[in-house]
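Engineer: structural data only, the sequence is not supplied:
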């Protein structure tokens, strides 16, 4: 219990400037003494692997320290607390990509499609990323900003101004996050039972919800083989194309 309280105390409010320095590798480095055995990046990578296996809630300084065979207090030399650790974990899984080198620069639709597919793949590979990057004002490191920069660059050929390119980015990341949430909530057995009970209920009250009953009869909730990412992405891109055409 004492160890737990100590860890909670370490995770108190922090100076955002210190977090920025940590994410961007600008923190002061000791010039004397033995060479550090660990680095914030190694610790973050181990924590990300733990979250991949057991979820974000399973990540603690104590548990991550166990991956290296050291005490939790030893990690505080490199990372101030779990809040900063999670920020570093996000950077770790976003370190690779996006790679749009194979897409012609002038083909903005293809570039945006490829960016979105790669982004969705990262969220699928690391389900905890959804909770770690809640839609809030947070400090972003260079890897997060590189993804944002690549999306805005892919949209430059549209001729849209910066504000509108950013709004399109929000639509794209919103689509990715929404599908990640659906994937995380999916439970096949529970869904089958829900579908059965809903169908029975709707059959009894179809006259009260005629539009819904009609949509269900036409297969609204049936598997249709359409990739929801492709469907949503096509609608967003069509809308952007219409916006560009209207401005021209």
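Structural biologist: On my side now, so go ahead. The model shown is predicted, which means the values in this text are computed figures rather than measured ones. Numbering: from 1, shown residues only.

Engineer: now the element after the helix or strand bottoming out on mean pLDDT in the chain, going C-ward?
Structural biologist: Lowest mean confidence among the helices and strands of the chain (mean pLDDT, DSSP states H and E): helix 2-10, at a mean of 45. Downstream of helix 2-10, the first helix or strand assigned by DSSP states H and E is helix 16-23.

Engineer: can you list the neighbours in contact with that following helix?
Structural biologist: Helix 16-23 has contacts (Cβ atoms under 8 Å, 6 or more residues apart in numbering) with 26-27, 40, 79-80, 83-84, 87-88, 91, 139-142. Backbone N, C-alpha and C define where each C-beta goes, glycine included.

Engineer: what packs against the longest helix seen in the chain?
Structural biologist: Longest helix of the chain, by residue count under DSSP state H: helix 162-185. Under the contact criterion of 3 or more Cβ pairs under 8 Å, 6 or more residues apart in numbering; DSSP states H and E, helix 162-185 touches helix 108-125, helix 129-132, helix 142-155, helix 228-247.

Engineer: need those helices in a markdown table (columns: mean neighbour count, mean pLDDT and distance to residue 181).
Structural biologist: Shown next, in a markdown table, are the helices and strands packed on helix 162-185 (neighbours: other Cβ atoms under 10 Å; pLDDT from 0 to 100; distance: least, Cβ to Cβ, whole Å):
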| stretch | mean neighbour count | mean pLDDT | distance to residue 181 |
| --- | --- | --- | --- |
| helix 108-125 | 19 | 97 | 9 |
| helix 129-132 | 18 | 94 | 6 |
| helix 142-155 | 17 | 96 | 19 |
| helix 228-247 | 14 | 95 | 12 |
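
Engineer: what would those look like in a markdown table with distance to residue 19?
Structural biologist: Shown next, in a markdown table, are the helices and strands packed on helix 162-185 (distance: least, Cβ to Cβ, whole Å):
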| stretch | distance to residue 19 |
| --- | --- |
| helix 108-125 | 22 |
| helix 129-132 | 14 |
| helix 142-155 | 13 |
| helix 228-247 | 32 |
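
Engineer: so which of the ones you listed comes closest to residue 101?
Structural biologist: Nearest to residue 101, of all those, is helix 108-125, at 9.9 Å by Cβ to Cβ.

Engineer: quick one, that closest one and helix 142-155 angle?
Structural biologist: Taking axes from the mean of the first three to the mean of the last three Cα atoms, to 10 degrees, one finds helix 108-125 and helix 142-155 inclined to each other by 150 degrees.

Engineer: what sits closest to residue 184 if chain neighbours are left out?
Structural biologist: Among residues not flanking residue 184 along the chain, residue 127 sits closest, at 5.6 Å (Cβ to Cβ, 6 or more residues apart in numbering).

Engineer: ditto for residue 56
Structural biologist: Excluding its sequence neighbours, the residue lying closest to residue 56 (Cβ to Cβ, 6+ apart) is residue 128, at 3.8 Å.

Engineer: hmm, residue 55 and the one you found touching each other?
Structural biologist: Yes: judged on Cβ atoms under 8 Å, residue 128 makes contact with residue 55 at a distance of 5.8 Å.

Engineer: which of these two has more residues huddled nearby?
Structural biologist: The residue with more neighbours, out of residue 128 and residue 55, is residue 128; 24 against 13, by other Cβ atoms under 10 Å.

Engineer: and that one, how far is that from residue 89?
Structural biologist: Residue 128 sits 8 Å away from residue 89, going by Cβ to Cβ, to the nearest Å.

Engineer: identify the contacts common to those two.
Structural biologist: With Cβ under 8 Å, 6+ apart, residue 128 and residue 89 have common neighbours residue 51.

Engineer: residue 194 versus the residue nearest to residue 56, what's the distance?
Structural biologist: 25 Å.

Engineer: likewise residue 19?
Structural biologist: Distance, residue 19 to residue 194, using Cβ to Cβ: 41 Å.

Engineer: of the two, which one has the most company?
Structural biologist: Comparing residue 19 with residue 194 by other Cβ under 10 Å, the one with more neighbours is residue 19, at 20 against 12.
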